[in-house]
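Enquirer: structural data only, the sequence is not supplied:
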């Protein structure tokens, strides 16, 4: 395997890891505040559709991004209404949101574009261009480092860089601000936060809204940067992989980056190589597909470092009366 | 706290939820420029207007009864099994393995063998998440979701690899003719009722009904069922009463997985008569809606499964005759899950206060002579 192939796989790792990372950080905010979010998948899917649809109609990818974020935050609001206000089952609410997105996107897509549940192909200003970072062209001929800079670091859409920037930002918000402290406290011991005079409901809605924002970016990225347009069920389980990555990362931002890169790498390898011949036996591509899920189960089982979720996760908060 | 009457809880709340879901679906249909009344007529005519329609409705319903029961029994132990889809896929594998590699002389024996095999495969697939929940405390919702994906990868591999029939399609060879199940038209033909022979509903519908009855007996008429319910109501109390949480989680999930697996006798043995890719077609997830709608009661599950069978068949008709995609059914399914599952309190709370206000008014009018029951005594009675 030469440097070029390695770079191609790593380059596609970065591309594929970005939506996982954004969705994973979305889940991180939500679950750190004690709201489990199975609905990452649905929010991403709805955002993917609406951003592609609006981009296709207006030719403005930025408007598309706005639409994607708006619908994703709206679904977050439904999730918040069900799981925070009405203290319903957060898991069931998430499942409902996933199906809602899965069904509505196709029904509406057919109504608007009549192309069998997809949007028209996006082109030109309807899609994010890839950025060429400064000096990428000039440094390209420098051995080893040049191609790495040119292929791997430069040449992605701006959403990729935003996604990666969200990692330190998330860390900073959660661990260096008062808001973050309260958010984490709401996920561990809401009664204590309530006693301190901070609104548990407000904090949880804020966390869920941030999750909606991030899922919106993730979905937009899928439909307007990674691909050129929306296709039915295009998230293809990424929301669940992000959930897996979140557990793998034990609900921590930097670990989330690592686990998303790992799962993105597995996807990239699966796409590039199909069946991998290890000499002794052949690893089928399906095994590569299943590997993120298998790894997550192993992590969840606690055989390799125990993953301990936020303590109040999944429990609606009832103020004492 | 005071409760509303049991009938309101069992019938009124799901009905209102269903009504809300239907209303919102009608809004969706209106929004895409179609007529909801026309759509409903078309659905009713297509799904219930002929024995052909009924044949499809009952075929889908059979799937949903199995997956609905799968989710329902887990709910009784307060476990959320999202893994019905994966367990149903594995059940299909179990059916294919036993029907492909063993020559069966008659469909009756083949059906029993296939049921056992499908159940065993489904149960085995549920066993690992159950064990991890019981022994290691891993969240069963997450592990069962993961197992859905692993199951789908496993079946992909089996169907393009070792079990694939010659040809382009990723599917197993067809099962031997001696294992084919009689359709409802064969069954009803015996008693002289004309029934469409083109529809896929088959004798496994009766197996599904038997499963409903068996599950009702299990939950409300056996010691194990009592233990499962006790565990679901309060784990500490169950533990104090000497009920082993590990045993309950394992047994409940094994039954749950087996039920989902048994779905395969309908869709794999009964309809396709071979194993194809993605054979479960999301029925495992519809089981969630069915169980929520049916309030985890076997009779409720049965009725909700028929309703969803109707929606599925009706939805197919809509896609055929109107500019409405089949995915509209997924939207309805989502709304049903949302209203009966997650937004339950939104409907229950106002309804409860309505009943309470009504009762208080009646008490005031009826008990005019005697001392008025103060709040304390009613709370004591409610807390009993």
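Expert: Great, that's in hand. All of these numbers come straight from a predicted model, not from anything done at the bench. Numbering: from 1, shown residues only, chains lettered A, B, ... in the order given.

Enquirer: now residue 217: which helix or strand?
Expert: With no chain named, the answer covers chain A. helix A:200-221 (DSSP states H and E).

Enquirer: meant chain B actually
Expert: According to DSSP H and E, residue B:217 maps onto helix B:204-221.

Enquirer: residue B:336 versus residue B:325, what's the distance?
Expert: Going from residue B:325 to residue B:336 by Cβ to Cβ, to the nearest Å gives 18 Å. The C-beta positions use only the backbone N, C-alpha and C, and glycine is treated the same way.

Enquirer: neighbour-wise, which of the two wins?
Expert: Between residue B:325 and residue B:336, counting by other Cβ atoms under 10 Å in any protein chain shown, residue B:336 is the more crowded of the two (29 against 24).

Enquirer: give me the contacts around the helix or strand containing that one.
Expert: Residue B:336 belongs to helix B:328-337 when assigned by DSSP H and E. If you take Cβ atoms under 8 Å, 6 or more residues apart in numbering or on different chains as the criterion, helix B:328-337 is touched by A:92, A:95-100, A:102-104, A:106-107, B:17-18, B:20-22, B:24-25, B:28-29, B:282, B:285-286, B:288-289, B:292-293, B:308, B:311-312, B:314-315, B:318.

Enquirer: what do you get for stretch A:244-255?
Expert: Stretch A:244-255 is contacted by residues A:20-21, A:24-25, A:27-28, A:31-32, A:167-168, A:170-171, A:174, A:256-260, A:262-263, A:292-293, A:295-296, A:299-300, A:305, A:307-310, B:142, B:146 when judged by Cβ under 8 Å, 6+ apart.

Enquirer: tell me which element the closest residue to residue A:40 other than its chain neighbours falls in.
Expert: Excluding the flanking residues, the one nearest residue A:40 by Cβ to Cβ, 6 or more residues apart in numbering or on different chains is residue A:239, at 3.7 Å. Using DSSP H and E, residue A:239 maps to helix A:238-248.

Enquirer: how about that helix: buried residues?
Expert: A:238, A:239, A:240, A:241, A:242, A:243, A:244, A:245, A:246, A:247, A:248 (16 or more other Cβ atoms under 10 Å in any protein chain shown).

Enquirer: quick one: residues contacting the second one.
Expert: The neighbourhood of residue A:239, defined by Cβ under 8 Å, 6+ apart, consists of A:23, A:39, A:40, A:41, A:42, A:43, A:44, A:45, A:98, A:215.

Enquirer: same question for the first one.
Expert: The contact partners of residue A:238, taken as Cβ under 8 Å, 6+ apart, are A:19, A:20, A:23, A:41, A:44, A:218, A:222.

Enquirer: out of the residues you listed, flag the one nearest to residue A:54.
Expert: residue A:222 (14.4 Å; Cβ to Cβ).

Enquirer: relative to the whole chain's centre, how far out is the helix or strand harbouring residue A:269?
Expert: Element membership of residue A:269, judged by DSSP H and E, is helix A:253-273. Offset of helix A:253-273 from its chain centre (Cα atoms, centre = their mean, to the nearest Å): 12 Å.

Enquirer: over to stretch A:99-115?
Expert: Worked out by Cα atoms, centre = their mean, stretch A:99-115 lies 21 Å from the chain centre.

Enquirer: and that stretch with chain B, contact?
Expert: Yes: using Cβ under 8 Å from any Cβ of the partner chain, stretch A:99-115 reaches chain B at A:99, A:100, A:102, A:103, A:104, A:106, A:107, A:108, A:110, A:111, A:114.

Enquirer: what comes into contact with that stretch?
Expert: Contact with stretch A:99-115 is made by A:41-43, A:45-46, A:48-49, A:53, A:56, A:75, A:116-120, A:230, A:232-233, B:28, B:31-33, B:285, B:323-325, B:327-335, B:337-338, as judged by Cβ under 8 Å, 6+ apart.

Enquirer: how far does stretch A:312-321 sit from the chain's center?
Expert: 27 Å.

Enquirer: again with stretch B:267-286
Expert: Between the centre of stretch B:267-286 and the centre of its chain there are 15 Å (Cα atoms, centre = their mean).

Enquirer: need the residues of the stretch 1-150 of chain B near chain A, please.
Expert: Residues of the stretch 1-150 of chain B lying near chain A by Cβ under 8 Å from any Cβ: B:28, B:31-33, B:80, B:82, B:128-129, B:132, B:136-139, B:141-143, B:145-147, B:149-150.

Enquirer: just checking, which helix or strand of chain A averages the lowest pLDDT?
Expert: Least confident element among the helices and strands of chain A, by mean pLDDT, DSSP states H and E: strand A:276-277 (a mean of 68).

Enquirer: and the next helix or strand past that one?
Expert: Reading on from strand A:276-277 to the C-terminus, the next helix or strand found by DSSP H and E is strand A:282-283.

Enquirer: among the contacts of residue A:238, which are in helices?
Expert: Counting by DSSP state H, the contacts of residue A:238 place A:19, A:20, A:23, A:41, A:44, A:218 in helices.

Enquirer: of those residues, which is the nearest to residue B:102?
Expert: Looking across the ones in helices among the contacts of residue A:238 and measuring by Cβ to Cβ, the closest to residue B:102 is residue A:41, at 39.5 Å.

Enquirer: just give the closest residue to the closest one, not the sequence neighbours.
Expert: Among residues not flanking residue A:41 along the chain, residue A:239 sits closest, at 2.6 Å (Cβ to Cβ, 6+ apart).

Enquirer: so that neighbour versus residue A:72, what's the distance?
Expert: 11 Å.

Enquirer: mind listing what residue 119 touches?
Expert: Using chain A here. Residue A:119 sits next to A:49, A:52, A:53, A:56, A:109, A:112, A:113, A:223, A:229, A:230 when contact means Cβ under 8 Å, 6+ apart.

Enquirer: nope, chain B
Expert: Per Cβ under 8 Å, 6+ apart, neighbours of residue B:119: B:91, B:94, B:258, B:259, B:261, B:262.

Enquirer: out of the residues you listed, who's the most crowded?
Expert: The most neighbours of any of the contacts of residue B:119, using other Cβ under 10 Å, belong to residue B:91, which has 39 neighbours.

Enquirer: what helices or strands is the helix or strand harbouring that residue leaning on?
Expert: Using DSSP H and E, residue B:91 falls within helix B:84-101. In terms of contacts (3 or more Cβ pairs under 8 Å, 6 or more residues apart in numbering or on different chains; DSSP states H and E), helix B:84-101 is packed against helix B:51-76, helix B:107-131, helix B:140-160, helix B:245-262, helix B:264, helix B:283-293.

Enquirer: which one of those is the most hemmed in?
Expert: A comparison of these by mean neighbour count, using mean count of other Cβ atoms under 10 Å in any protein chain shown, puts helix B:264 on top with a mean of 34.

Enquirer: now find how far off-centre that helix is within its chain.
Expert: 14 Å.

Enquirer: hmm, back to that, can you select the buried ones from the contacts of stretch A:99-115 in PyMOL?
Expert: Under the burial definition 16+ other Cβ under 10 Å, those of the contacts of stretch A:99-115 that qualify are selected in PyMOL by:
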select buried, (chain A and resi 41+42+43+45+46+48+49+53+56+75+117+118+119+120+230+232+233) or (chain B and resi 28+32+285+324+325+327+328+329+330+331+332+333+334+335+337+338)
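
Enquirer: for the residue in the stretch 101-250 of chain A that chain B sits nearest to, which non-adjacent residue is spatially closest?
Expert: Taking Cβ to the nearest Cβ, chain B has its nearest neighbour within the stretch 101-250 of chain A at residue A:103, 3.2 Å off. Distance criterion Cβ to Cβ, 6+ apart; nearest residue to residue A:103, sequence neighbours excluded, is residue B:330 at 3.2 Å.

Enquirer: quick revisit: top of the residues of stretch A:99-115 next to chain B by neighbour count?
Expert: Neighbour-wise, the residues of stretch A:99-115 next to chain B (other Cβ under 10 Å) top out at residue A:99, 27 neighbours.

Enquirer: check what pLDDT that one gets.
Expert: With respect to pLDDT, residue A:99 scores 92.
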